[in-house]
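Peer 1: Need a 3D model of the sequence below.
(one chain, ligands or ions: 2)
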Amino acid sequence: MLKYEDKIKKQLNIQRDSIVKPLPFPFDLNYFTETGLFLTSCPQHGKTNMAKWVVDYLMRCGWIVKVFDPSKAWLNSTIPTYQSVDNKATWQRLINPISISTVFDVARIYPQWIPEFCSLIIQQDFELISHLPYLLPWNIAYLFEECQFSMPSGSLRGTKYQEVLRVVSLGANFKLRYLAITQRPADTSTKMISRTGQKYVGCFFEDNDIGKLRKYFNWKQKEAWENLSSLEKGEFYYGMRDKIEKIETPLFTKEREPQYLEKPSFWKQLFG
Ligand SMILES: Nc1ncnc2c1ncn2[C@@H]1O[C@H](COP(=O)(O)OP(=O)(O)O)[C@@H](O)[C@H]1O
Ligand SMILES: [Mg+2]
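Peer 2: Ligands and ions are numbered 1, 2, ... in the order given. The predicted structure follows:
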């Protein structure tokens, strides 16, 4: 007899093989399940657009996706629900269902509070998952938009980043994976970048950013500058293991309005 989890897995595999249309650019789901994804380019070069394709695909494969978004770029995507995050006093009022994909709009809080908010959500999920007698029958992907705030350079040793570090280093054992997106790789944790199995690198002109990225592609600084500075919007170099490929990502057009999720306040619960 198949275990419950195996049954669900089997169903998801059947769904993946027969129904889920593949992405229009290279992306290895099995490898993503083991490692993570890193996506970077200078601003306005199609990072969020590409990530919307990946997120949509993950959800169609049965994944739950939770986005931490300081940029308001996820107001429209195919993620079904949306919550606006305000000052700390209201964080406990937020709903964090383990089985619903959600965008947490953190644009209204200071960047320095973002790691703490991400930790709160990850901690809530981890508490639940680690106490279950079996692993969750689905995977969860955290998307860190503008991740130079949630995992800056050298940060993952720090106390307030321990939940993020746990996802990055141990998450795969608990079916928790991550997509990290940034316009500023020079300011982003190397610990995290080096653990991602699939990297998509778009247009850059800045020497520090190029210097940090070039070693993942075994490029010299000049070669890296020439390759990256000539990329157009939506074009990326895709790196996976020892493979490097130049790819194009089409415009994502399936966006729709999300539903706002909010737990009713104490007074609303009392008086309707
Ligand atoms: N592949 C693409 N083809 C055409 N337009 C694109 C493409 N990717 C993004 N855009 C457009 O470029 C703008 C910036 O894209 P976005 O994904 O938000 O960039 P980033 O996240 O890198 O700042 C958006 O208006 C988007 O519609
Ligand atoms: Mg963006």
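
Peer 1: The residue of the chain found nearest ligand 1: what's its closest spatial neighbour, skipping adjacent residues?
Peer 2: Per Cβ to the nearest ligand atom, residue 234 is where the chain lies closest to ligand 1, at 2.5 Å. (C-beta placed from N, C-alpha, C; glycine too.) Spatial nearest neighbour of residue 234, chain neighbours left out: residue 46 (4.2 Å); criterion: Cβ to Cβ, 6 or more residues apart in numbering.

Peer 1: Could I get the contacting residues of the one you found?
Peer 2: 202, 233, 234, 235, 236, 249 (Cβ atoms under 8 Å, 6 or more residues apart in numbering).

Peer 1: so is residue 73 in a helix, a strand, or just coil?
Peer 2: Secondary structure assignment for residue 73 (DSSP: H, G, I helix; E, B strand; the rest coil): coil.

Peer 1: That one: what's it in contact with?
Peer 2: 48, 145.

Peer 1: What's the first helix or strand after the helix or strand bottoming out on mean pLDDT in the chain?
Peer 2: Among the helices and strands of the chain, helix 4-18 carries the lowest confidence by mean pLDDT, DSSP states H and E, at a mean of 55. Downstream of helix 4-18, the next assigned helix or strand under DSSP states H and E is helix 29-34.

Peer 1: Could you tell me how far that following helix lies from the centre of the chain?
Peer 2: 13 Å (Cα atoms, centre = their mean, to the nearest Å).

Peer 1: cool, stretch 174-194 as well?
Peer 2: In terms of Cα atoms, centre = their mean, the centre of stretch 174-194 is set 9 Å apart from its chain centre.

Peer 1: ok, and for that stretch, which residues are buried?
Peer 2: Residues 174-189, 191-193 are the ones in stretch 174-194 that count as buried (16 or more other Cβ atoms under 10 Å).

Peer 1: With stretch 27-40 instead?
Peer 2: For stretch 27-40, by 16+ other Cβ under 10 Å, it's 27, 29, 32, 33, 35, 36, 37, 38, 39, 40.

Peer 1: can you pull the pLDDT of the residue of the stretch 51-200 of the chain found nearest ligand 2?
Peer 2: Closest contact between the stretch 51-200 of the chain and ligand 2, by Cβ to the ion, is at residue 73 (4.6 Å). Turning to residue 73, the model gives it a pLDDT of 94.

Peer 1: Also the one 3 residues further on?
Peer 2: The predicted local distance difference test score for residue 76 is 89.

Peer 1: so who does it touch?
Peer 2: Listed by Cβ under 8 Å, 6+ apart, the contact set of residue 76 reads 255, 256, 257, 258.
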